[in-house]
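Trainee: Could you look at this predicted model? Sequence included:
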Amino acid sequence: MNNALLASVREADGRYLSDLELRPFDQMLEAFQTRLNLYSHVRDHGKELVLNALRRMMQTPHRQVVQEHAQQCQRDMLYTLEYVSKGILLHDEDGFMEEYLVWMQNIIRSFNRQGACVTGYRMLKEEVRTTMPGDQSNLMMLYLDKLIEALDTGI
């Protein structure tokens, strides 16, 4: 559950939440099945998504990075998909931003691989866009866009 919803519950100490305060919970429940389906899809097809993205990346100027670091790229992209999926499942965009995005940005910059990583995650985004159902794809795009932006220009 995301931090905003937890904060609402904490602020209501000693009283019931109003209908207006409950609206975000209703919205979360309505979208939960999509989030659960997305999580399951990525769990079952994440490796395929990553391998297809890396194949696309072989057609870019970053071909050598993939050839030399394919195992690390695959591991990192799978880890990213797992973290994104958990963030989406828990409806916790803030947690994704605070815990994962800043960490990933720092790691990538320390290895000076921003260009290759941005290209790789754009390829992954394209793979997600073309293979996942629309509602799931749209949720995933929000997180991948934030990741790409952070890697490309910083947070």
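Mentor: Right, received. Where do you want to start?

Trainee: Give me the helices and strands touching the strand or helix carrying residue 85, please.
Mentor: Assigned by DSSP states H and E, residue 85 belongs to helix 63-89. Applying 3 or more Cβ pairs under 8 Å, 6 or more residues apart in numbering; DSSP states H and E, one finds that helix 63-89 contacts helix 19-57, helix 114-131, helix 134-153. From N, CA and C alone the C-beta is placed, and that goes for glycine too.

Trainee: Would you mind getting the angle between the second one and helix 63-89?
Mentor: Relative orientation of helix 114-131 versus helix 63-89 (axes from the mean of the first three to the mean of the last three Cα atoms, to 10 degrees): 60 degrees.

Trainee: in helix 114-131, what's buried?
Mentor: 114, 116-125, 127-128 (16 or more other Cβ atoms under 10 Å).

Trainee: could the helices and strands packed on helix 63-89 go into a markdown table alongside distance to residue 81?
Mentor: Formatted as a markdown table, the helices and strands packed on helix 63-89 follow (distance: least, Cβ to Cβ, whole Å):
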| stretch | distance to residue 81 |
| --- | --- |
| helix 19-57 | 5 |
| helix 114-131 | 8 |
| helix 134-153 | 9 |
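
Trainee: JSON lines for those helices, including mean pLDDT and distance to residue 105?
Mentor: Below are the helices and strands packed on helix 63-89 laid out as JSON lines (pLDDT from 0 to 100; distance: least, Cβ to Cβ, whole Å):
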{"stretch": "helix 19-57", "mean pLDDT": "92", "distance to residue 105": "19"}
{"stretch": "helix 114-131", "mean pLDDT": "93", "distance to residue 105": "9"}
{"stretch": "helix 134-153", "mean pLDDT": "91", "distance to residue 105": "5"}
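
Trainee: looking at those, which is buried most?
Mentor: Sort those by mean neighbour count, taking mean count of other Cβ atoms under 10 Å, and helix 114-131 sits at the top with a mean of 20.

Trainee: Report the contact partners of the spatially most central residue of the chain.
Mentor: Most central in the chain under Cα atoms, centre = their mean is residue 84, positioned 2.9 Å from the mean C-alpha point. Contacts for residue 84 (Cβ atoms under 8 Å, 6 or more residues apart in numbering) come out as 42, 96, 140, 143-144, 147.

Trainee: So for residue 56, what's the nearest residue that isn't a sequence neighbour?
Mentor: Nearest residue to residue 56, sequence neighbours excluded (Cβ to Cβ, 6 or more residues apart in numbering): residue 123, at 4.2 Å.
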